[in-house]
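1. what's the 3D shape of this:
(one chain, ligands or ions: 1)
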Amino acid sequence: MKAQLSRRDWFKSSLALTAGLTLSPMFVDKLFAGPVSAAERHQWGINPYSPNGNNIRLNANENPYGPSDKAKEAIIQNLGESNRYPFVAQSELRKMIADKEGVDADHVHLGAGSGAILCEAGVAYGLNNGEILSGFPTFTEMMDYAKVFNAKWDKVNLNDKLEFDYEAMASRINSKTKLVFVCNPNNPTGTLVDPSIVSPFCQDMSKKTLVYSDEAYLEFLEPEMQKKVTNIDLVKKGMNVVVSRTFSKIYGLAGLRIGYIVAKPDLIKKISQYQMGIPVSQHAIAAAKASLGDTEFMSLSRSKNTEARGHLEGYLKKKGFSHGKSHTNFMFFPAPIDGKTILSRMQQKNILMRIWDYQDMEWCRVSIGSLDEMKQFTQAFDEVIS
Ligand SMILES: Cc1ncc(COP(=O)(O)O)c(C=O)c1O
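-> Residues are numbered from 1 along each chain as shown. Now for the predicted structure:
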């Protein structure tokens, strides 16, 4: 064994360390919502994805205002419980969620982010060549995971308003469809379909198969609208429907990893049997308990998001760029120049965003940061595309 590292060995090991700190495109595939586009693969191949504290991060639909002060305080207060498994805390949070949603606690299942539960459901319904039907593009974590277990994913393109096309989806369902994935509002488009279309669709489909209603961005709608859009009433009526929510978005707890589903107990049992270990930590639960239903913080996030999104909408209008009508903390519009150039030049300006491939075109998906960040974005983007 060599007593000392040679200069060359040292250089090699420090290179390996550096490589370990950045994320390969393959890992990024798992990390990001939706498929990684050709432009992203190229950009991260030459300049591996390595977010740092100085980037303006408009690439992951995070909440720039979170966590709330209440959540931070709860985490600090809870540190002393780190030696305890979170059994009691979990039951308390499930009860709180159940009370808020108007169901019993046996209707609630927690996960390390709603993405982890999407994966559990992907296995539960994708095994044995199960088929999953969804609109496309959408949030693909469930379908990507189900495919690992040989499930088939049947995608139905969006309509020309970049919305889920529920009529086309209804006509595609068949006897092998084990699950229909609904995302309203949808990621990556931000578009919302009126509940007068979505609710009857879910009711009809739930007679034939399981309907999984991903409501990750529901709380960006005004409270009255949230009540109309959520499919929670269908769960309460005992239908074959799962409602999925997350603490990552309006509550600003993406880094803590906590989300939940609400469904009737037999569905909870079928999905949760694929949960790995005890994935949700004491601290995530403490923050979630302090955040759940915190109307003050939610309305602050919502109104600041609307204002900052308005700035981006104004810019896109001024440039004459079409876009999906966003009801969320991100916007989706056709890339005005090629995606590789956009990504690399924006990254040089320290701004991260996404490029999607859809229907032989490239699309920009830009998360809504603070108003100041959006002003920096529009100025930088304008320089990049000029
Ligand atoms: C539509 C949708 N569902 C679910 C998730 C998963 O979020 P998390 O695992 O952080 O709860 C995301 C994340 O971006 C999303 O966009």
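
2. Near the ligand, which residues of the protein? Just list them.
-> By CB under 6 Å from any ligand atom, the residues of the chain that approach the ligand are 33, 61, 113-115, 139, 183, 187, 214, 216, 246, 248, 254, 259. Placement of C-beta: from N, CA and C, glycine included.

3. if I pick the residue in the stretch 251-386 of the chain that the ligand sits nearest to, what's in contact with it?
-> With CB to the nearest ligand atom as the measure, Gly259 is the residue of the stretch 251-386 of the chain nearest to the ligand, at 3.8 Å. Residues counted as contacts of Gly259 (CB atoms under 8 Å, 6 or more residues apart in numbering) are 110-117, 216, 244-248.

4. In strands, which of those fall?
-> 110-111, 244-246 (DSSP state E).

5. quick one, what contacts Ser68?
-> Counting by CB under 8 Å, 6+ apart, Ser68 touches 251-252, 290-291, 294, 297.

6. re earlier: which of the residues of the chain next to the ligand tops the neighbour count?
-> Comparing the residues of the chain next to the ligand on neighbour count, Asp214 comes out first with 28 neighbours (neighbours: other CB atoms under 10 Å).

7. can you give me the end-to-end distance of stretch 255-266?
-> From its first residue to its last, stretch 255-266 covers 30 Å (CA to CA, to the nearest Å).

8. I'd like the contacts of Ser68 laid out as a markdown table, including pLDDT.
-> Listed next are the contacts of Ser68 as a markdown table, based on pLDDT from 0 to 100:
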| residue | pLDDT |
| --- | --- |
| Tyr251 | 98 |
| Gly252 | 98 |
| Ala290 | 98 |
| Ser291 | 98 |
| Asp294 | 94 |
| Phe297 | 98 |
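
9. out of those, who has the most neighbours?
-> Tyr251 (27 neighbours).

10. Pretty sure it sits in a strand.
-> No - under DSSP: H, G, I helix; E, B strand; the rest coil, Tyr251 sits outside any strand and is assigned coil.

11. which residue packs closest to it, ignoring adjacent ones?
-> Nearest non-adjacent residue to Tyr251, counting by CB to CB, 6 or more residues apart in numbering: Ser291, 4.3 Å away.

12. Run a quick neighbour tally on Met225.
-> Using other CB under 10 Å, the number of residues around Met225 comes to 14.

13. wait, is it part of a helix?
-> Yes - per three-state DSSP, Met225 lies within a helix segment.

14. Which pLDDT value goes with it?
-> Looking at Met225, its pLDDT stands at 98.

15. And the one 5 residues further on, by the same measure?
-> With respect to pLDDT, Thr230 has a value of 98.

16. quick one on the thing from earlier: could you export the contacts of Gly259 as CSV, including distance to Phe381 and pLDDT?
-> Converted to CSV, the contacts of Gly259 look like this (distance: CB to CB, whole Å; pLDDT from 0 to 100):
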residue, distance to Phe381, pLDDT
Leu110, 38, 98
Gly111, 35, 98
Ala112, 34, 98
Gly113, 29, 98
Ser114, 30, 98
Gly115, 28, 97
Ala116, 34, 98
Ile117, 35, 98
Ala216, 25, 98
Ser244, 32, 98
Arg245, 32, 98
Thr246, 28, 98
Phe247, 30, 98
Ser248, 25, 98
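
17. Among these, which one lies nearest to Ala170?
-> For the contacts of Gly259, the minimum distance to Ala170 (CB to CB) is 21.0 Å, reached by Ser244.

18. residues touching the residue nearest to Asp104 when sequence neighbours are not counted, list them.
-> Nearest-residue entry for Asp104: Ala98, 5.7 Å, with adjacent residues in sequence omitted and distances by CB to CB, 6+ apart. Shown in contact with Ala98 (CB under 8 Å, 6+ apart): 104-105, 107-108, 262.

19. quick one, strands of the stretch 1-150 of the chain?
-> Using DSSP state E, counting those that start in this stretch, the strands of the stretch 1-150 of the chain run over residues 56-57, 108-111, 131-136.

20. Save those strands as JSON lines, and put in mean neighbour count too.
-> Conversion of the strands of the stretch 1-150 of the chain to JSON lines gives the following (neighbours: other CB atoms under 10 Å):
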{"stretch": "strand 56-57", "mean neighbour count": "20"}
{"stretch": "strand 108-111", "mean neighbour count": "24"}
{"stretch": "strand 131-136", "mean neighbour count": "24"}
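
21. quick one: low-confidence ranges for the stretch 101-250 of the chain?
-> Judged against pLDDT under 70, the stretch 101-250 of the chain has no low-scoring part.

22. and the gap between the closest residue to Pro137 other than its chain neighbours and Phe333?
-> Closest residue to Pro137 apart from its sequence neighbours, by CB to CB, 6+ apart: Tyr358 at 5.2 Å. Distance, Tyr358 to Phe333, using CB to CB, to the nearest Å: 12 Å.

23. got it, and Asp294?
-> From Asp294 to Phe333 the distance is 32 Å (CB to CB).

24. next one: Ala216
-> 21 Å.

25. Ok, Met225 next?
-> 23 Å.
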